[in-house]
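[1] Mind folding the following:
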Amino acid sequence: MATVLIHHGEMVGGASLQAKLYDLGRYLGAVLSRSPAARVTGELYRLLDAEKVFNTLDPYEDDEPKNNRGDIFRRRQVKVSLKTGKTAIAWAYIYSGSTVGRKTIPSGDYLIHLREKSRRTKW
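    Next up, the predicted model:
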């Protein structure tokens, strides 16, 4: 899905939001937090064709209000902090399902988490 952003957006740079990141097995979930210490890191893109991006990502993230299935990811506008020190309002898919029994990703960075997970499972 990253190719959608690459083709229909411009990368602004690294950014983070005040949230906790959970390992949900096959995917991850960011849950907004009141703790300023809780940070999830990622990349911020300026959307060149928001309609096209959301028409592709919403079904993938299962954020379709019309389906009435109690989706577990919701697209929301959130405040993000850029590496430059500035802040911005950005769209993010926020996990709204249960986190009971789910492991938090302490670094808040999924790529770091995958590297660490890979090291633990090597022979």
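
[2] burial of residue 92, as a residue count?
    Residue 92 is flanked by 20 other residues according to other Cβ atoms under 10 Å. Bear in mind the C-beta positions are built from the backbone N, C-alpha and C, glycine included.

[3] What's opposite it in the beta bridge?
    Beta-bridge partners for residue 92, by DSSP bridges, are residue 76.

[4] could you measure it against residue 78, distance?
    5 Å (Cβ to Cβ, to the nearest Å).

[5] what's the overlap in contacts for those two?
    Overlap of the contact sets of residue 92 and residue 78 (by Cβ atoms under 8 Å, 6 or more residues apart in numbering) consists of residue 17.

[6] List of residues touching the helix or strand bottoming out on mean pLDDT in the chain?
    Within the chain, no helix or strand scores below helix 110-121, which has a mean of 82 by mean pLDDT, DSSP states H and E. Helix 110-121 has contacts (Cβ under 8 Å, 6+ apart) with 21, 23, 28, 42, 105, 107.

[7] Now do the buried residues in that helix.
    110, 113 (16 or more other Cβ atoms under 10 Å).

[8] what about stretch 88-106, start to end distance?
    End-to-end span of stretch 88-106 (Cα to Cα, to the nearest Å): 24 Å.

[9] could you say what helices and strands the longest strand that the chain contains packs with?
    Taking DSSP state E as the criterion, the chain has its longest strand at strand 9-23. Here strand 9-23 touches strand 28-32, strand 39-47, strand 73-82, strand 87-95, strand 103-104, helix 110-121, going by 3 or more Cβ pairs under 8 Å, 6 or more residues apart in numbering; DSSP states H and E.

[10] What strands flank it, and is each parallel or antiparallel?
    Strand 9-23 is paired, per DSSP bridges, with strand 28-32 (antiparallel), strand 39-47 (antiparallel), strand 73-82 (antiparallel), strand 103-104 (antiparallel).

[11] Run the chain-centre distance for the longest one.
    For strand 73-82, the distance between its averaged C-alpha position and the chain's averaged C-alpha position is 8 Å (Cα atoms, centre = their mean, to the nearest Å).

[12] got it, and the last one?
    Centre-to-centre, strand 103-104 and its host chain are 15 Å apart (Cα atoms, centre = their mean).
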